[in-house]
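Undergrad: Sequence plus the predicted model coming up.
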Amino acid sequence: MYNIIVIDDHKMLREMISETLNTRGFNVIASSGDAKDSISLCEKFKPDLILMDICTENNSSGLAYSKIIKENFPSVKIILMTGVPDLTFIDKAKANNVDSFISVSYTHLRAHETEADL
């Protein structure tokens, strides 16, 4: 079983990802809305994988923290996610030795958030 940390500033998306992974046999051991927390969560939980948004709460950068994680926890796999259509993120992720990169569309999620507010 893989132990996973999920970092995303969108609470609803973070919960959906965690629930989906848990129901498919993975083990989400922690989650946060702030990339800054990824370091202490790695120290505490020793994950196999981190799914991390690039732009998180408090202007924390998943790109910046992915570099620190790879330097201090080289065996931890990192998949960066973003809904921001900026192709330079891919090159920066490669430079930080990130293992994979996912471009996420939040359009469908935002539509549901808006409907929930009505």
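TA: Yep, it's here.
Undergrad: buried stuff in stretch 10-23?
TA: H10, L13, R14, I17, S18, L21 (16 or more other CB atoms under 10 Å). (Each C-beta comes from the backbone N, C-alpha and C, glycine too.)
Undergrad: Now do the contacts for the third one.
TA: This means R14. V6, I7, D8, S31, G33 (CB atoms under 8 Å, 6 or more residues apart in numbering).
Undergrad: Return the per-residue confidence for it.
TA: Note for R14: predicted pLDDT of 94.
Undergrad: That one is in what secondary structure piece?
TA: helix 11-23 (DSSP states H and E).
Undergrad: Would you map the helices across this structure?
TA: Along the chain, counting by DSSP state H, helices occupy 11-23, 37-45, 62-72, 88-95, 107-117.
Undergrad: for the ones you listed, which one ends up most surrounded?
TA: helix 62-72 (a mean of 19; mean count of other CB atoms under 10 Å).
Undergrad: Identify the bridge partners of the residue nearest to the spatial centre of the chain.
TA: The centroid of the chain falls nearest to M52 when counting by CA atoms, centre = their mean (1.5 Å). For M52, the beta-bridge partners under DSSP bridges are I7, L80.
Undergrad: ok, it touching Y65?
TA: Yes: using CB atoms under 8 Å, M52 is in contact with Y65, at 7.2 Å.
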